[in-house]
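>>> Task: produce atomic coordinates for the following.
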Amino acid sequence: MPGLAMFGHGETRRPNNGNGGSVVHGVGLKKRGFGKNPDEEKGLEDVGNGGFVERKELGVELGGNGVVKKVQTKCSTKWLSYGGCIPAMLTAVEEVEDLNEVLKPWEERLSNKERSIILKEQRSWVRTLEIFEWFKRKGCYEVHVIHYNIVLRILGKAKKWRHLRSVWDEMNVERIEPINSTYGTLIDVYSKGGFEKEALVWLQRMTKQGMKPDEVTMAIVLQLYKKAGEYRKAEEFFEKWSESALHSHGSLSSHTYNTLIDTHGKAGRLKEASEIFALMLREGIAPTTKMEEVRCPPDTRTYNILISLHARHDNIDMATNYFAKMKEACLEPDPVSYRTLLYAYSVRHMVSKAEELVSEMDERGLEIDEFTHSALTRMYIEAGMLEKSWVWFMRFHLSGKMGSDSYAANIDAYGEHGHISEAEKVFNCCREVNNLSVLVFNVMIKAYGVGKQYSRACQLFDSMESHGVIPDRCSYSSLIQILASGDMPHTAMPYLKKMHESGLVHDCIPYCAVISSFAKLGQLEKAEEVYKQMVGFSVQPDVIVFGVLINAFAEVGSVKEALSYADAMKRAGFPGNTVIYNTLIKLYTKVGLLKETEETYKLLLASEDGPAIYASNCMIDLYSERCMVKPAEELFDSLKSKGDANEFTFAMMFCMYKRMGRFEEAIQIAKQMRELRLLSDVLSYNNVIGLYATYGRFKEVVGTFKEMTKAGIQPDECTFKSLGLVLVKSGLSKQAVGKLEVSVKKDAQSSLQAWMSALSAVVRVNEISYR
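Now for the predicted structure:
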């Protein structure tokens with residue numbers, strides 16, 4: 001219909017050769033989403049040159065020469081930029097529900113391009129599908145693969161996966177062959193929709209079809225591998241892609257270079273990241289246009305990535321170097337550049353470097369964000385510059401721009417390092433500006449806990465509601481944990497009760513803290529009382545609660561109670577852990593339950609951590625008491641080969657051999673203990689000296705006694721009894737030995753020399769006699 005133009009509410013107007021406009025056809029269409037005829041409210045406006053438009057509504061007007069003109073409307077600048085009839089089409093499609101009527105003026109002459117634009121510009125995926133179906137129903141249009149690509153992208157962005165799959169299946173039925181960009185679209189929408197594995201499946205399908213991703217799709221795949229932490233696969237994929245792609249496409253875009261630099265950096269391959277950056281510069285990649293994805297110059301982003309990567313891998317000099325190179329390249333560092341480097345300096349306590357950057361930011365009028373502000377407060381605190389930290393804090397406090405989260409971060413910085421007075425001052429500043437929040441209270445309570453100021457923590461908690469702040473789960477949990485760790489479970493109990501009444505108990509953790517505290521104090525009846533209260537409230541215990549109770553009762557030898565909680569844990573369906581198994585082995589050993597100990601020890605052997613040396617020693621102890629030499633020796637040899645055997649392991653084997661009269665084996669163990677310097681107390685020395693004395697190994701007695709005195713271990717009555725036996729056996733009279741024993745009581749230190757001289761003389765005599 002030449003000379004006609006479609007306007008926003010279904011009216012078609014014909015120019016009247018400059019003599020005004022006339023309505024040629026009013027189709028009476030229903031406006032989408034409204035019940036009234038829009039003409040009743042809006043009316044028409046004469047804009048000159050023989051054209052009419054509806055006031056403040058349409059994006060176009062038709063002048064006397066039949067050209068569509070732009071006017072001030074609600075339709076987007078992008079729509080107007082298409083020119084021709086497209087803005088009118090888009091406006092009409094948006095305003096009018098009935099597609100048969102709204103697209104009738106253009107029905108017979110819609111081009112592929114115009115149909116693509118109409119599909120692409122819809123704000124609703126539902127409307128896109130309606131229009132797509134309308135195109136197919138008409139039968140007079142070629143439905144191209146590009147149209148399918150557009151629909152797939154819109155459905156993917158809207159996360160309508162069932163509809164997307166249906167459209168893909170339809171393509172197969174209609175024999176619409178997917179092209180490179182089809183797969184690129186699917187990879188893109190699935191990856192951005194959080195379905196990384198599915199996106200890689202589409203990549204596999206693409207490669208099976210003999211298609212290769214373009215650079216944009218390649219960059220998306222790199223991001224997928226990087227997000228999954230599979231940096232090696234990312235590198236392999238890029239190497240394979242670049243072998244053929246670079247020959248046809250030439251150099252890469254800045255976005256791709258940035259992705260590659262970031263991928264190498266996160267894999268810890270800083271050398272490769274720097275090499276790619278150098279290649280980028282050699283290729284002359286320094287575009288001036290903005291990247292839509294990151295809205296900053298790609299070259300600035302590249303430097304920022306390199307600064308971040310080197311700082312993260314503790315190469316602060318290289319990070320500083322790239323910051324300087326950015327300036328040399330006539331690029332102004334952006335807030336991200338400063339923020340990244342400032343944080344890196346702050347955690348390393350590089351105060352002067354950080355202050356230089358702050359001065360630069362001040363000169364350029366760049367604001368320091370709250371996160372960086374609190375990081376620098378922490379830097380000054382950890383560097384021991386408390387006064388500077390306070391000056392820094394006050395700068396931002398007085399600016400009036402601090403939020404409650406920032407106050408909380410500063411309180412936490414002071415509190416964690418025990419500066420409770422400063423933490424309180426920050427809290428008071430926050431209160432002065434009426435910025436108190438539950439987080440501010442929580443970190444202040446935590447600070448009091450660090451400073452062991454338990455009563456002040458309780459007072460602050462109790463004052464929360466008077467300040468209009470309701471304690472949350474963290475408030476209760478923190479205070480209960482503080483009181484429990486401070487051996488104040490009785491004080492914690494009322495807060496635990498109130499927490500339950502407030503409906504904030506979601507698990508057994510706060511109960512566990514109180515139970516553990518009572519158990520630590522030996523108040524097992526109270527610990528059980530809290531446990532029963534917890535179960536009565538239908539709060540299920542976890543393996544840690546059971547472990548605490550099992551261990552507590554095992555420590556005091558209450559076998560029945562400990563085993564009852566072990567059985568309860570099994571009934572609750574909890575698998576044991578190494579802590580529980582080690583505790584059970586300790587318990588079973590105390591009461592001599594060999595079978596149960598062996599079964600539990602096997603579970604420990606099968607666990608990832610394996611048995612603790614204490615558990616292994618318990619097994620040897622049970623074997624030795626029963627004179628089960630072979631299993632004891634097998635376990636002992638295994639522990640020795642792993643380097644796990646300690647003094648108690650050797651001592652139990654020593655005692656076993658000694659008890660069984662296998663003196664040669666016992667002497668060999670004693671020799672190893674001396675060589676490994678495992679004799680550490682008077683008891684272990686006495687055992688070895690006693691064995692040597694009993695079996696006439698006088699030279700070893702003297703050697704061991706010398707080692708004992710050299711180690712600064714004071715001999716006791718048992719030691720001198722064994723030494724006296726040696727002297728008597730060697731022919732010294734009992735009266736002489738008695739005098740030596742009396743000298744010990746008079747002057748222990750000087751008497752040691754007398755004992756040593758007597759023993760040495762005896763050994764020399766014996767050696768001469770032997771010769």
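>>> From Tyr82, how far off is the closest residue to Trp134 other than its chain neighbours?
Nearest non-adjacent residue to Trp134, counting by Cβ to Cβ, 6 or more residues apart in numbering: Leu99, 4.7 Å away. (Glycine included, C-beta is placed from N, CA and C.) Between Leu99 and Tyr82 the distance is 19 Å, computed by Cβ to Cβ, to the nearest Å.
>>> For those two, indicate the residue with more neighbours.
Just comparing Leu99 and Tyr82: by other Cβ atoms under 10 Å the higher neighbour count belongs to Leu99, 19 against 15.
>>> residues touching that one, list them.
By Cβ atoms under 8 Å, 6 or more residues apart in numbering, the contact set of Leu99 is 93, 130-131, 134.
>>> Swap in 7 Å and give it another go.
Neighbour list for Leu99: 130-131, 134 [criterion: Cβ atoms under 7 Å, 6 or more residues apart in numbering].
>>> Let's see if you can find the most crowded of the residues you listed.
For those, the largest neighbour count, defined by other Cβ under 10 Å, is 19 neighbours, found at Ile131.
>>> which SS class is that one?
Secondary structure for Ile131, judged by DSSP: H, G, I helix; E, B strand; the rest coil, is helix.
>>> Just to check, it is in contact with Leu119?
Yes. If you go by Cβ atoms under 7 Å, Ile131 and Leu119 touch, sitting 6.0 Å apart.
>>> Tell me, how many residues neighbour Asn428?
9.
>>> tell me the pLDDT at it?
For Asn428, the model assigns a pLDDT of 96.
>>> Spatially, what comes nearest to Ala383 if we skip its sequence neighbours?
Using Cβ to Cβ, 6+ apart, the closest residue to Ala383 is His349 (4.6 Å).
>>> list the contacts for that neighbour?
Each residue near His349 by Cβ under 7 Å, 6+ apart is listed here: 379, 382-383.
>>> Enumerate every residue touching Met326.
By Cβ under 7 Å, 6+ apart, Met326 lies in contact with 303, 333, 337.
>>> JSON lines for those, including pLDDT?
Output for these, formatted as JSON lines (pLDDT from 0 to 100):
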{"residue": "Tyr303", "pLDDT": "84"}
{"residue": "Pro333", "pLDDT": "91"}
{"residue": "Ser337", "pLDDT": "92"}
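>>> ok, those vs Phe720, which is closest?
Set against Phe720, the nearest of the contacts of Met326 by Cβ to Cβ is Ser337 (76.7 Å).
>>> Give the burial count for the closest residue to that closest one other than its chain neighbours, as a bare number.
Excluding the flanking residues, the one nearest Ser337 by Cβ to Cβ, 6+ apart is Asn304, at 5.4 Å. By the criterion of other Cβ under 10 Å, Asn304 has 23 neighbours.
>>> Return the distance of the helix of greatest length in the chain from the chain's centre.
The residue-count maximum for a helix in the chain (DSSP state H) belongs to helix 748-770. Remark: helix 748-770 is offset 67 Å from the chain centroid, using Cα atoms, centre = their mean, to the nearest Å.
>>> now for it, which elements pack on it?
For helix 748-770, the packing partners by 3 or more Cβ pairs under 7 Å, 6 or more residues apart in numbering; DSSP states H and E come out as helix 698-710, helix 717-729, helix 734-746.
>>> Please point out which parts of the last one sit buried.
Neighbour-count burial for helix 734-746, counted by 16 or more other Cβ atoms under 10 Å, picks out 737, 740-741, 743-744.
>>> Would you mind giving these as a markdown table with pLDDT and distance to Val201 added?
What follows is those, written out as a markdown table (pLDDT from 0 to 100; distance: Cβ to Cβ, whole Å):
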| residue | pLDDT | distance to Val201 |
| --- | --- | --- |
| Val737 | 82 | 90 |
| Leu740 | 84 | 89 |
| Glu741 | 82 | 88 |
| Ser743 | 83 | 90 |
| Val744 | 79 | 85 |
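>>> List just the nearest of these to Ala219.
Nearest to Ala219 out of the buried residues of helix 734-746 is Val744 (Cβ to Cβ; 85.1 Å).
>>> Which pLDDT value goes with the nearest residue to the closest one once chain neighbours are set aside?
Using Cβ to Cβ, 6+ apart and skipping the chain neighbours, the partner closest in space to Val744 is Ser751 (4.6 Å). We have a pLDDT of 80 for Ser751.
>>> What segments of the protein are strands?
Assigned by DSSP state E, the chain shows strands spanning 5-6, 11-14, 22-26, 44-46, 52-54, 60-62, 68-70.
>>> Under the pLDDT cut-off, which ranges of the stretch 151-300 of the chain? List them.
Low-confidence segments of the stretch 151-300 of the chain, defined by pLDDT under 70: 231, 235, 239, 242-298.
>>> count of neighbours near Val763?
18.
>>> oh, I was asking about Asp317
Close neighbours of Asp317, defined as other Cβ under 10 Å, add up to 7.
>>> thought His373 was touching Asp405?
No. His373 lies out of contact with Asp405 (Cβ under 7 Å); the separation is 10.9 Å.
>>> Compare these two (neighbour count), which wins?
In this view His373 and Asp405 are compared by other Cβ under 10 Å, and His373 has more residues nearby, 23 against 15.
>>> List the contacts of the more buried one.
Contacts of His373 by Cβ under 7 Å, 6+ apart are 396, 406.
>>> Take the contacts of Leu99 and lay them out in a markdown table including pLDDT and distance to Gly576.
Below are the contacts of Leu99 laid out as a markdown table (pLDDT from 0 to 100; distance: Cβ to Cβ, whole Å):
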| residue | pLDDT | distance to Gly576 |
| --- | --- | --- |
| Glu130 | 88 | 60 |
| Ile131 | 85 | 63 |
| Trp134 | 85 | 65 |
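>>> Which of the residues you listed sits closest to Glu363?
The shortest approach to Glu363 among the contacts of Leu99 belongs to Ile131, at 55.0 Å (Cβ to Cβ).
>>> now that closest one: how far from Lys120?
10 Å.
>>> show me where pLDDT drops low in the stretch 651-771 of the chain?
For the stretch 651-771 of the chain, applying pLDDT under 70 flags the ranges 765-771.
>>> Tally up the residues packed near Gly229, please.
If you count neighbours by other Cβ under 10 Å, Gly229 ends up with 11.
>>> hmm, back to that, can the contacts of Leu99 go into a markdown table with extra columns for distance to His397?
Below are the contacts of Leu99 laid out as a markdown table (distance: Cβ to Cβ, whole Å):
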| residue | distance to His397 |
| --- | --- |
| Glu130 | 57 |
| Ile131 | 57 |
| Trp134 | 62 |
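>>> For the stretch 451-600 of the chain, which segments are assigned as helices?
454-462, 473-485, 489-501, 509-520, 524-536, 543-555, 559-571, 578-591, 594-606 (DSSP state H, counting those that start in this stretch).
>>> Thanks again, I'm all set now.
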